[in-house]
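Visitor: Sharing a model that was predicted from the sequence below.
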Amino acid sequence: MVEQSEETRGGTATIERTDTSQSVEAGDHERFAHYVQKEKIMESAMSGEPVIALCGKVWTPGRDPKKFPVCPECKEIYETLMG
């Protein structure tokens with residue numbers, strides 16, 4: 001009978017991934033929470049279609065906006081619109 005080493009025995013193992021980088025999309029160097037009409041966010045969630053922020057950024061929402069600072073351009077446009 002041939003004795004098997006730890007490496008050749010059957011079983012499972014957990015390999016921890018140390019790479020914590022995320023895929024980078026265009027514009028990710030400036031991650032902001034953008035202003036978009038609420039109903040457009042809901043439509044996007046249902047259809048997967050991208051939305052357009054007040055500043056003109058086009059993207060498909062998928063991240064928690066509370067984790068990012070507000071886009072200064074969106075904020076300025078919103079404040080101008082609201083008087």
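Guide: On my side now, so go ahead. Just so you know, these numbers come straight off a predicted model, no measurement behind them.
Visitor: Helices of the protein, start to end?
Guide: Counting by DSSP state H, residue ranges of the helices within the chain are 38-47, 72-82.
Visitor: In JSON lines: those, plus distance to residue 59 and mean pLDDT.
Guide: The way it works is simple: take the backbone N, C-alpha and C, and place the C-beta from them, glycine included. Converted to JSON lines, the helices of the chain look like this (distance: least, CB to CB, whole Å; pLDDT from 0 to 100):
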{"stretch": "helix 38-47", "distance to residue 59": "9", "mean pLDDT": "92"}
{"stretch": "helix 72-82", "distance to residue 59": "13", "mean pLDDT": "95"}
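Visitor: Let's have those helices in CSV, adding mean neighbour count and distance to residue 64.
Guide: Formatted as CSV, the helices of the chain follow (neighbours: other CB atoms under 10 Å; distance: least, CB to CB, whole Å):
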stretch, mean neighbour count, distance to residue 64
helix 38-47, 11, 12
helix 72-82, 13, 17
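Visitor: Nearest to residue 62 among those helices would be which one?
Guide: Residue 62 sits nearest to helix 38-47 of all the helices of the chain, at 9.2 Å, using CB to CB.
Visitor: Could you find the closest non-adjacent residue to residue 43?
Guide: Setting aside the residues directly before and after it, residue 43 is nearest to residue 49 in space (CB to CB, 6 or more residues apart in numbering), at 6.7 Å.
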